[in-house]
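*Asks:* need a structure here:
(2 chains)
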2 protein chains.
Amino acid sequence: MENANGAPVPKATNDDDALAARAAALDAADPLAPLRERFLLPKGVVYLDGNSLGALPAAVPPVIEDVVHRQWGAGLIRSWNENAWWAAPVRVGDAVGGLIGAAPGQTVVGDSTSVQLFNALTAAARLRPNRPLLLTDPGHFPTDQYIADAVGRLLGMEVRRVPPADVAAVLAEAGDRVAATSYSPVDYRTGELYDMAAITDAAHRAGALAVWDLCHAAGALPIRVDELGVDLAVGCGYKFLSGGPGAPAFLYVARRHQADFDHALTGWNGHAEPFGLSGDYRPADGVERARIGTPPILSLLTLEAALTAFDGVDMAEVRAKSLSLTSFFLDCADAVLTELDFTTVTPRDPHRRGSQITLRHPDANALARALAARDVIVDMRAPDMLRFGVNALYVSHADVLAAARQLSEVVLASEHRQERFRTPTVVT
Amino acid sequence: MENANGAPVPKATNDDDALAARAAALDAADPLAPLRERFLLPKGVVYLDGNSLGALPAAVPPVIEDVVHRQWGAGLIRSWNENAWWAAPVRVGDAVGGLIGAAPGQTVVGDSTSVQLFNALTAAARLRPNRPLLLTDPGHFPTDQYIADAVGRLLGMEVRRVPPADVAAVLAEAGDRVAATSYSPVDYRTGELYDMAAITDAAHRAGALAVWDLCHAAGALPIRVDELGVDLAVGCGYKFLSGGPGAPAFLYVARRHQADFDHALTGWNGHAEPFGLSGDYRPADGVERARIGTPPILSLLTLEAALTAFDGVDMAEVRAKSLSLTSFFLDCADAVLTELDFTTVTPRDPHRRGSQITLRHPDANALARALAARDVIVDMRAPDMLRFGVNALYVSHADVLAAARQLSEVVLASEHRQERFRTPTVVT
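*Replies:* Prediction:
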């Protein structure tokens, strides 16, 4: 058998058989395997992009149907009371809070991560006045850097980009000038896991606030914001929380900061008496004050339904399975992807690994597209990183083996060099 | 026949018959009457609260079904390209633009009105540096006042509250210190229509920018932002646009300001190369730069579907019918609500009236609740205003007559004094 370029396509080896047997054994012993039934995954698709957009939870369609027809269509404006739309931002916030170690009453859902981070950083700076520095990660997701710069510009602060490994040293030296640190526990490109506790502690020792972006952590691994003393945190609803495309983001405001949480986006939903119609803003008590404008109810209630996929799920088990999946993927990559120009950038130490494996390859974009044509869905991040995200609620060891094997086949057959995979897509 | 308090309940009079005949004649001659079929209104409900939450358009449920199952469920991450999610904010923006007189490429949809206004006012102030004043309406919807104050605080500007009637005079006197004016063409409480052209002109004569909040105008009456030379405008998607609860808001940035539109919420969706992953923000060309974070796609595509209810509809006809409805409602109120302690606050001059009638009554809250129990849905605004909003796409003259009659019956029977209507609701 030959591929289009005349190169031989390898047959399965004994190694492959051994990997398949291991995958089968691991999946058979997986206590979370039944959770896959909570998602409506298309047949035949290997989905390793739940770190960009989570799969559709089975609980969502009936809820959306109810929200559209009964609540909006029949209930009309009355549903703000009768179907408790008004309470949704904090109610759904508490549901998210349960997954990040936040006791109730500290998390609110709405808006995008960018907007929530803007509010968080502005409030953090105001909680630490006369400290002119914000520290953020030069490898942080772009919007986090842009928003930090935007806040710095508005408040006359310097935004200093310090890699996570150096932040404790910078805080030890210049910490009394630092208002807040803004980091993510998981590097979105490499999947590296940073030490949230250490950075949070270092910030606190310097008298600064620790702000965390949990986009790549919430729903993927146990997070303990209360226990670590995190000050403020944000995250999106559409990755490991599977809340749907552009699902609203969340903001965690530790209870001890709520009375002094002095944010920039003082929308009417956060007013102490939103229907009192006063012309002056008086913030609500508690985390309610972090509400901004009217939230997108359809997207918000979709996220709420999606979160029921976590009902009864122990995040420690999610983490254990996630590590089993990524460890197994590394083994698969070692077996079938060596000598094919791939470099693993995700740490092999499980304590330093989030819920994804990233491989570098010069043809990453075309490879992702060629894999997609085989119904293996991964994503890439410029310029050369292929990301394989695993959501332990619905990804199996068989999935990650299939992904590694098909990637090997694509490369060996030079499939990705076909013209149709070379035109860059708008969204990669 | 007596009511619970022993008072006589009046029978229909000849006046009532005449009103019913007029309603029937007006509805029979209404060229827009067939549009009601484009909405899934519950049977027997008189809905005069489309100025708070528009009714469910019939086009929405099949679109939502498709978005959830085919686009999200089956398409997964690929739908950002293949189902053009990425292009939705500007595509839906252009659809809104068509209803407010904006040529394509100037309107973007996403986030809430509060967030969009924050961006608009910040950018307006930066377009007119060294002008320390923002003018806004002391009767403006609260969030508009709060956000103006928030921007003023961040940028070190004074926010001066000037009634619409006085704004031209203030601009003539202190206009060279004014960066921008922030007003609404329709008073959300009273339904009074202000002169957008005159205020816009006055702002421009002073060298200031005119920012408009079109929440109560878009979809309700013809708006001509391009023709009037409006600089920036915002508005929500869930009132007369019927985009669903908390539907995303829109922001209009006149083309001439786009290259210098320097906003505060610099999220990654607005970057010139959003997938280039640069750590520095470089704004996209055109209105794309006003995009912030990832928008709530389910809510956004619901709004897009909802806007098809306007397909082929002439906004001049919408306006004519809206005025016919509100004029007729005033006649009905004169006939059946006089001497029942109601005061009409909406101007009787049709040129000074938006798409609602507001009546003051000391028991407004209880009356709204008692009407709701009769399936006549209106809303109230503290402390004493009953609002009757008419959406010309689905409200009939028979509806407004029914509302006036039932309100009269409620008052005459003192129905609203029942205990069950006296407990205030969370959302009124």
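*Asks:* drop to CA atoms for contacts and neighbour counts, all remaining ones
*Replies:* Noted.
*Asks:* look up how far chain B lies from A:G389.
*Replies:* As judged by CA to the nearest CA, to the nearest Å, A:G389 and chain B stand 12 Å apart.
*Asks:* residues contacting that residue?
*Replies:* A:G389 makes contact with A:48-51, A:355-357, A:378, according to CA atoms under 8 Å, 6 or more residues apart in numbering or on different chains.
*Asks:* go again using 10 Å as the cut-off
*Replies:* A:47-52, A:191, A:216, A:220, A:239-240, A:322, A:325-326, A:354-358, A:377-379, A:395, A:400 (CA atoms under 10 Å, 6 or more residues apart in numbering or on different chains).
*Asks:* strands - which of the residues you listed land there?
*Replies:* If you go by DSSP state E, these have A:47, A:356-358, A:377, A:379 in strands.
*Asks:* least confident of those residues?
*Replies:* On pLDDT alone, A:D379 ranks lowest of the ones in strands among the contacts of A:G389, at 91.
*Asks:* that one contacts A:A370, correct?
*Replies:* No. At 11.2 Å, A:D379 does not count as touching A:A370 under the criterion of CA atoms under 10 Å.
*Asks:* tell me the buried residues in stretch A:252-268?
*Replies:* Of the residues in stretch A:252-268, A:252-255, A:257-258, A:261-268 count as buried by neighbour count, 16 or more other CA atoms under 10 Å in any protein chain shown.
*Asks:* take those residues and keep only those in strands.
*Replies:* Taking DSSP E as the definition of strands, the buried residues of stretch A:252-268 contribute A:252-253.
*Asks:* the helices in the stretch 51-200 of chain A, which residues?
*Replies:* Under the criterion DSSP state H, counting those that start in this stretch, helices of the stretch 51-200 of chain A are mapped to A:60-65, A:79-82, A:88-100, A:113-127, A:142-155, A:167-174, A:196-205.
*Asks:* just those: most buried one?
*Replies:* Counting by mean count of other CA atoms under 10 Å in any protein chain shown, helix A:113-127 has the highest mean neighbour count of these, with a mean of 26.
*Asks:* could you check the angle that helix makes with helix A:142-155?
*Replies:* Here the directions of helix A:113-127 and helix A:142-155 differ by 40 degrees (axes from the mean of the first three to the mean of the last three CA atoms, to 10 degrees).
*Asks:* of the contacts of A:G389, buried ones?
*Replies:* Buried among the contacts of A:G389 by 16+ other CA under 10 Å: A:47-52, A:191, A:216, A:220, A:239-240, A:322, A:325-326, A:354-358, A:377-379, A:395, A:400.
*Asks:* which members of those additionally contact chain B?
*Replies:* With CA under 10 Å from any CA of the partner chain as the criterion, those include A:47, A:49-52, A:377-379 near chain B.
*Asks:* pull out the buried residues from the longest helix along chain A.
*Replies:* Assignment by DSSP state H gives helix A:315-336 as the longest helix of chain A. Residues of helix A:315-336 classed as buried by neighbour count (16+ other CA under 10 Å): A:315, A:317-319, A:321-330, A:332-333, A:335-336.
*Asks:* low-confidence stretches in the stretch 101-250 of chain A?
*Replies:* Across the stretch 101-250 of chain A, nothing is flagged by pLDDT under 70.
*Asks:* need the residues of it near chain B, please.
*Replies:* For the stretch 101-250 of chain A, the contact set with chain B under CA under 10 Å from any CA comprises A:110-118, A:122, A:137-151, A:153-156, A:161, A:236-238, A:243-249.
*Asks:* can you rerun that using 7 Å?
*Replies:* Within the stretch 101-250 of chain A, the residues that sit near chain B (CA under 7 Å from any CA of the partner chain) are A:111-115, A:138, A:142-143, A:145-147, A:150, A:154-155, A:245-248.
*Asks:* surely A:V336 and A:S408 touch.
*Replies:* Yes. In this structure, A:V336 is within contact of A:S408 by CA atoms under 7 Å, at 6.2 Å.
*Asks:* so the closest residue to A:M380 other than its chain neighbours is in which element?
*Replies:* Nearest non-adjacent residue to A:M380, counting by CA to CA, 6 or more residues apart in numbering or on different chains: A:L386, 4.3 Å away. Element membership of A:L386 [criterion: DSSP states H and E] is strand A:385-389.
*Asks:* and that strand with helix A:315-336, angle?
*Replies:* Here strand A:385-389 points in a direction 140 degrees away from that of helix A:315-336 (the same axes, to 10 degrees).
*Asks:* how far off centre is strand A:385-389?
*Replies:* Put simply, strand A:385-389 sits 14 Å off its chain's centre (CA atoms, centre = their mean, to the nearest Å).
*Asks:* quick one on the thing from earlier: just confirm the residue nearest to A:M380 contacts A:T358, I think it does.
*Replies:* Yes. At 5.5 Å, A:L386 counts as touching A:T358 under the criterion of CA under 7 Å.
*Asks:* dihedrals phi and psi, the residue lying closest to A:D375 once chain neighbours are set aside?
*Replies:* With sequence-adjacent residues excluded and distances taken as CA to CA, 6+ apart, A:D375 is closest to A:V45, at 4.9 Å. The phi/psi pair for A:V45 (degrees, to the nearest 10) reads phi -90, psi 130.
*Asks:* any idea how many residues pack against A:V45?
*Replies:* Using other CA atoms under 10 Å in any protein chain shown, A:V45 has 14 other residues around it.
*Asks:* what pLDDT is listed against it?
*Replies:* 97.
*Asks:* is it correct that it is in contact with A:A372?
*Replies:* No. With contact defined as CA under 7 Å, A:V45 does not reach A:A372; the gap is 9.1 Å.
*Asks:* what does the longest helix of chain A contact?
*Replies:* A:220-222, A:350, A:355-357, A:390-392, A:397, A:400-401, A:404-405, A:408 (CA atoms under 7 Å, 6 or more residues apart in numbering or on different chains).
*Asks:* now do A:L41 against A:H397, distance only.
*Replies:* According to CA to CA, to the nearest Å, A:L41 stands 16 Å off from A:H397.
*Asks:* of those two, who's got more company?
*Replies:* Taking other CA under 10 Å, A:L41 and A:H397 do not tie; A:H397 has more neighbours (28 against 21).
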